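Trainee: sequence first, predicted coordinates after that:
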Amino acid sequence: MKLPKEIVALMLEKDTFSKWMKLEVLELDKGTCKLRTTVHEDMLNGFEIVHGGISYSLSDSALAFASNSYGFQCVSIETSISHIRPAKLGDVLTADCVEVHRGKSIGIYSIAITNQNDELVSKFKGTVSISDREW
């Protein structure tokens with residue numbers, strides 16, 4: 001069975017969106033993941049704050065990496081996000097994903113995104129379907 005870092009490396013090979021976001025994997029272990037990105041200009045919406053899709057996508061990537069880290073392919077089946085504080089150009093966003101529950105076929109994860117001042121930007125909850133397909 002592959003190690004978590006090997007799995008994420010395989011995932012990132014074809015993940016052009018995560019590359020576009022310039023994601024940096026800070027920590028990775030079975031069921032957990034911490035990612036970081038810096039807000040660049042083409043992540044902003046018409047209000048000159050980070051588009052909600054960026055926070056969502058950062059969380060979704062953390063969910064994917066954490067849930068797949070056991071070596072079995074997982075896909076999200078339900079997600080939700082609460083946007084708490086706006087992020088702006090130059091902000092450094094860190095997504096911290098923790099596993100809440102992992103059963104045989106379902107996993108539940110919680111992701112908090114904070115900025116460089118350790119202020120909560122968003123909270124994300126994701127549920128994944130765990131397959132029996134190995135990486």
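Mentor: Everything's here; your move.
Trainee: am I right that Lys19 falls within a strand?
Mentor: No - Lys19 is assigned helix when assessed by DSSP: H, G, I helix; E, B strand; the rest coil, not a strand.
Trainee: between its first and last residues, how far does stretch 27-44 reach?
Mentor: 26 Å (CA to CA, to the nearest Å).
Trainee: so which elements touch the helix ranked longest in the chain?
Mentor: Scanning the chain for the longest helix, with DSSP state H as the assignment, gives helix 52-68. Packed against helix 52-68 by the contact rule (3 or more CB pairs under 8 Å, 6 or more residues apart in numbering; DSSP states H and E) you find helix 4-13, helix 16-20, strand 24-29, strand 32-38, strand 72-83, strand 92-102, strand 106-114, strand 120-134. (Each C-beta comes from the backbone N, C-alpha and C, glycine too.)
Trainee: the same query, at a cut-off of 6 Å, please.
Mentor: Here helix 52-68 touches strand 32-38, strand 72-83, strand 92-102, strand 106-114, strand 120-134, going by 3 or more CB pairs under 6 Å, 6 or more residues apart in numbering; DSSP states H and E.
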